[in-house]
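> Sequence and predicted structure are below.
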Amino acid sequence: MAYRLFEGKDHASSYLKYRISPSDHLIQKVLDFLEKRKGGPYELAVDVGCGSGQGTVLLAKHFSSVVGTDISPAQLELALQHAKEPNVTYRQSVAEELALADSSVDLMTSMSSFHWFDRPRFLKEAHRVLKPRGCLALLNYTIEMELSYADCSSQALNDACKEFYEALKPYRSPHLGANSIELYREAYNSIPYPDKEWQECVWVKRPMPLSSYMGFVESFSSYQRLLREDPLKAARLSQDIRQKLMSIMRVTSEDTEVLVAVKYFYLLACKPDEV
């Protein structure tokens, strides 16, 4: 079965505000893989589990048409409110049953959502809709981010971050296992395409206010579950970590900018020419 999360309006708003999109470098890795296998021009890209569209829009300038799909009306409502690219559209759809023609898609992406799908069914659906030589790109990042700040102990900062992550582990979905990277590695091994690529460690560094880092972690499903089950405990945890980080940084404002390193991994696969 697929898992339905991130659907409430408050969570969707938090997702839009704090979730990061893949870097230009990562998107270029995907496009380079596609270019070497298929070559342009490209007609259609589909971003499955698109959420509020942060990653979807990054494809707009490379394709005649881009479609973002998601199961959540609240997420799609926000995507539509912020839609600016005329060639990007959004549809409500489950990941495993896409209203797309056979062999019609040049590139299918899923950015930080594949782990929630019925993975075998989704991979069969991806095979159905991809053109021969069309490509599948599954990207995600781990929750274990690393912070740095000038004139400050990175060890102390990241010990506080690890305390945050450890406190959230009991609220992590059992579906994800100890680390969602294993679900992607399993998918990589199960895809029968001979032409595929696996990369499990790409660090992307982004400056952001400390408040945005906190909001980012709080947008994860584990924190949201804690928030639903025990709002006071969630609030105390968040406030304790904020205060520890500001104390280590010797600052008084959570608007202070920190450098956040995010660890990405990805799977790329090219559908063979059909015989």
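Structure received.

> the strands in the stretch 51-200 of the chain, which residues?
Along the stretch 51-200 of the chain, the stretches classed as strands by DSSP state E, counting those that start in this stretch are 65-70, 88-92, 105-111, 130-141, 146-148, 196-209.

> out of the ones you listed, deepest packed?
strand 105-111 (a mean of 26; mean count of other C-beta atoms under 10 Å). C-beta here means a position set from N, CA and C on the backbone, and glycine is covered the same way.

> what packs against the one helix or strand Arg236 maps to?
Applying DSSP states H and E as the criterion places Arg236 in helix 231-249. Contacts defined by 3 or more C-beta pairs under 8 Å, 6 or more residues apart in numbering; DSSP states H and E place helix 231-249 against helix 154-168, helix 210-218, helix 221-229.

> on that earlier part again, tell me which of the strands of the stretch 51-200 of the chain lies nearest to Asn158.
Taking C-beta to C-beta, strand 146-148 is the member of the strands of the stretch 51-200 of the chain nearest to Asn158, at 5.4 Å.

> Work out the gap between stretch 244-260 and the centre of the chain.
In terms of C-alpha atoms, centre = their mean, to the nearest Å, the centre of stretch 244-260 is found 25 Å from the chain centre.

> for it, which positions count as buried?
By neighbour count, with 16 or more other C-beta atoms under 10 Å as the criterion, the buried positions of stretch 244-260 are 244-246, 248-249, 251, 254, 258, 260.

> contacting residues around it?
Contact with stretch 244-260 is made by 145-149, 152-153, 156-157, 160-161, 163, 205-211, 213-214, 216, 242, as judged by C-beta atoms under 8 Å, 6 or more residues apart in numbering.

> got the end-to-end distance for it?
16 Å (C-alpha to C-alpha, to the nearest Å).

> still on that earlier bit, what distance separates the helix holding Arg236 from the centre of its chain?
Relative to the centre of its chain, helix 231-249 is centred 25 Å away, using C-alpha atoms, centre = their mean.

> likewise stretch 252-267?
With C-alpha atoms, centre = their mean, you get 14 Å for stretch 252-267.

> per-residue confidence averaged over it?
Averaged over stretch 252-267, pLDDT sits at 95.

> same question, stretch 173-185
Stretch 173-185 shows a mean pLDDT of 86.

> residues in contact with that stretch?
3, 5, 114-116, 119, 138, 140, 142, 198, 200, 221-222, 225, 265-267.

> Swap in 6 Å and give it another go.
Applying C-beta atoms under 6 Å, 6 or more residues apart in numbering, the external contacts of stretch 173-185 come out as 3, 115, 221, 265, 267.

> among these, which are in helices?
Among the contacts of stretch 173-185, the members found in helices (DSSP state H) are Ser221.

> and Asn158, what does it touch?
So Asn158 contacts Glu146 (C-beta under 6 Å, 6+ apart).

> same check, this time on the one 5 residues further on
For Glu163, no residue meets the contact criterion (C-beta under 6 Å, 6+ apart).

> For it, give its distance to Ala156.
11 Å (C-beta to C-beta, to the nearest Å).

> cool, and Tyr184?
Counting by C-beta to C-beta, the gap from Tyr184 to Ala156 is 32 Å.

> Repeat that for Pro132.
In this view, Pro132 and Ala156 are 53 Å apart by C-beta to C-beta.

> Have a look at Tyr184 and Ala156 and say which one is more surrounded.
More crowded of Tyr184 and Ala156, by other C-beta atoms under 10 Å: Tyr184, with 21 against 15.

> For the stretch 51-200 of the chain, which residues score under the pLDDT cut-off?
Along the stretch 51-200 of the chain, the model assigns pLDDT under 70 to no residue.

> switch to 80 and redo it
Per-residue confidence for the stretch 51-200 of the chain (pLDDT under 80) gives these ranges: 176-178.

> mind listing what the spatially most central residue of the chain touches?
Geometric centre of the chain, nearest residue: Ser112, 2.5 Å, by C-alpha atoms, centre = their mean. Ser112 sits next to Asn140 when contact means C-beta under 6 Å, 6+ apart.

> Same check on Asp273?
Per C-beta under 6 Å, 6+ apart, neighbours of Asp273: Pro132.
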